[in-house]
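K.L.:
Pasting a predicted model and its sequence here:
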Amino acid sequence: MKHIFLINPAAGSRGRQAELAGVCRKAALEQNLEYEILVTEHPGHGVELVRKACLQGGGQHLRFYACGGDGTLNEVARGAFGMWNVAVGHFPAGTGNDFIKVFGRQMNRFSHLPELTKGEELPVDYVETNCGGAVNVLSVGIDARVAAGMQKYKRLPLCRGQWPYVFSAAENIVRGLGEGYQVIIDGKSYDGDYSMIFAANGRWYGGGFCPVPDADPQDGQLDVLLVSKVGRMTAAKVVGAYKKGLGYQYPQYIKRVPAHEIEIRRRDGKDLCVNLDGEIAYTPRLQAVLRQGMKFIVPQGVRVEKQDQ
């Protein structure tokens, strides 16, 4: 078995590449592991590196550790998905690290790399789409547009901290809080005007949003929230409930639907802005299918923390 540590030097605080490489090397040498350290150089590079390593692996069992945030985990999972001899893990070194929050009070154990490399492999679900994939969440609508807009503001001098989010949110609120969508979930039509269409495999995203607190990445289904288009006066209370997983308090605005397959288009024919674990993609037609059986590395005994519905 070979352990491959994939480091995203852009994740978390600056200048962590050497520190992370040292931690990975120390853990591997202390346990006498066969290992390799790979470093990403640009967005999407993680997918390429993982696929190349799989092709060169010769059937050997490979364990990939995403050393970064949720975006790094997304790239590793995209590269590894569908490979029978591959497992994926997350050594959290990013700013969000949202997916592993489903493990509740035990998520801190993922930060101890020697424990993670000795861990077991659990089957988890994975969202395969025509424009990428997602381990944690998929969404279309204003939250995806805000996430896309943040990248523009982050490039501005002195625009740091919360300000890219604030500026992007303000810009997109002015643009409008909803669009007309054609939505098909497991063959049934849910066409309507929506502010957001959100599909949860995990629970947390966006630095504090937990729309579906009982989502389970091992249950073989996505939990879709259809958030109706609302006016600016109503938006604050609806978004507040959505963020805290209290959408059931506003059934007239937020509808929950279990799903295995989803298809979404905009009525006006324009491209959708799609959020996949914080990564942004554009497509005129989104097709998403939940797949089961991706192997996810966890410390021994760690399990998804169950929540009451």
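P.N.:
Everything's here; your move.
K.L.:
Output the below-cut-off pLDDT ranges for the stretch 201-309 of the chain.
P.N.:
By pLDDT under 70, the weakly predicted segments of the stretch 201-309 of the chain are 308-309.
K.L.:
just the helices in it please.
P.N.:
Ranges of helices in the stretch 201-309 of the chain, per DSSP state H, counting those that start in this stretch, are 232-243.
K.L.:
where exactly do the strands run in it?
P.N.:
Here the stretch 201-309 of the chain has its strands, by DSSP state E, counting those that start in this stretch, at 222-228, 254-259, 261-266, 272-276, 279-283, 285-298.
K.L.:
which residues touch the fifth one?
P.N.:
In other words, strand 279-283. 43, 71, 74-75, 129-132, 144, 147-148, 151, 271-274 (Cβ atoms under 8 Å, 6 or more residues apart in numbering). Where you see a C-beta, it was placed from the backbone N, CA and C, and this is true even at glycine.
K.L.:
looking at those, which has the most residues close by?
P.N.:
Neighbour count (other Cβ atoms under 10 Å) singles out Glu75 as the most crowded of the contacts of strand 279-283, with 28 neighbours.
K.L.:
quick one, what contacts Met150?
P.N.:
Met150 touches Pro164, Tyr165, Ser168, counting by Cβ under 8 Å, 6+ apart.
K.L.:
How much space separates Ala66 from Val212?
P.N.:
Noted for Ala66: a distance of 23 Å to Val212, by Cβ to Cβ, to the nearest Å.
K.L.:
neighbour count winner among those two?
P.N.:
Ala66 (30 against 25).
K.L.:
Next, the angle from the regular element (helix or strand) spanning the more buried one to strand 285-298.
P.N.:
Ala66 belongs to strand 62-68 when assigned by DSSP states H and E. Comparing the axes of strand 62-68 and strand 285-298 via axes from the mean of the first three to the mean of the last three Cα atoms, to 10 degrees yields an angle of 100 degrees.
K.L.:
now the following helix or strand past strand 62-68, how far from the centre of its chain.
P.N.:
Next along the chain after strand 62-68, taking DSSP H and E as the criterion, comes helix 70-80. On the basis of Cα atoms, centre = their mean, to the nearest Å, helix 70-80 sits 9 Å off its chain's mean C-alpha point.
K.L.:
Got phi/psi on the most centrally placed residue in the chain?
P.N.:
Centroid-nearest residue in the chain, with Cα atoms, centre = their mean: Asp277, separated by 2.4 Å. Main-chain torsions, Asp277, degrees, to the nearest 10: phi 60, psi 30.
K.L.:
Please name the nearest non-neighbouring residue to it.
P.N.:
Asn74 (4.0 Å; Cβ to Cβ, 6 or more residues apart in numbering).
K.L.:
doesn't Gly278 make contact with that neighbour?
P.N.:
Yes: using Cβ atoms under 8 Å, Asn74 makes contact with Gly278 at a distance of 7.3 Å.
K.L.:
on that earlier part again, among the contacts of Met150, which one lies nearest to Val102?
P.N.:
Val102 has its nearest neighbour among those in Tyr165, at 23.6 Å by Cβ to Cβ.
K.L.:
ok, how many other residues are close to that closest one?
P.N.:
17.
K.L.:
pretty sure it is touching Gln151, no?
P.N.:
No: the pair Tyr165 / Gln151 is not scored as a contact, 11.2 Å apart, by Cβ under 8 Å.
K.L.:
Can you tell me which of the strands of the stretch 201-309 of the chain is nearest to Phe99?
P.N.:
Closest among the strands of the stretch 201-309 of the chain, once you apply Cβ to Cβ, is strand 285-298, at 9.1 Å.
K.L.:
Can I get the closest one in PDB? Just the C-alpha atoms.
P.N.:
Coordinates of each C-alpha in strand 285-298 appear next as PDB, following Å, rounded to 0.1, in the frame of the first residue of the first chain:
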ATOM      1  CA  ARG A 285     -27.700  22.200 -18.100                       C
ATOM      2  CA  LEU A 286     -26.700  20.500 -14.800                       C
ATOM      3  CA  GLN A 287     -27.000  16.800 -14.500                       C
ATOM      4  CA  ALA A 288     -26.100  15.300 -11.200                       C
ATOM      5  CA  VAL A 289     -26.200  11.700 -10.000                       C
ATOM      6  CA  LEU A 290     -25.400  10.300  -6.500                       C
ATOM      7  CA  ARG A 291     -22.900   7.500  -6.600                       C
ATOM      8  CA  GLN A 292     -22.200   5.200  -3.700                       C
ATOM      9  CA  GLY A 293     -19.000   3.400  -2.600                       C
ATOM     10  CA  MET A 294     -16.200   6.000  -2.600                       C
ATOM     11  CA  LYS A 295     -13.700   4.900   0.100                       C
ATOM     12  CA  PHE A 296     -13.000   7.500   2.700                       C
ATOM     13  CA  ILE A 297     -10.200   7.200   5.200                       C
ATOM     14  CA  VAL A 298     -11.100   7.900   8.800                       C
END
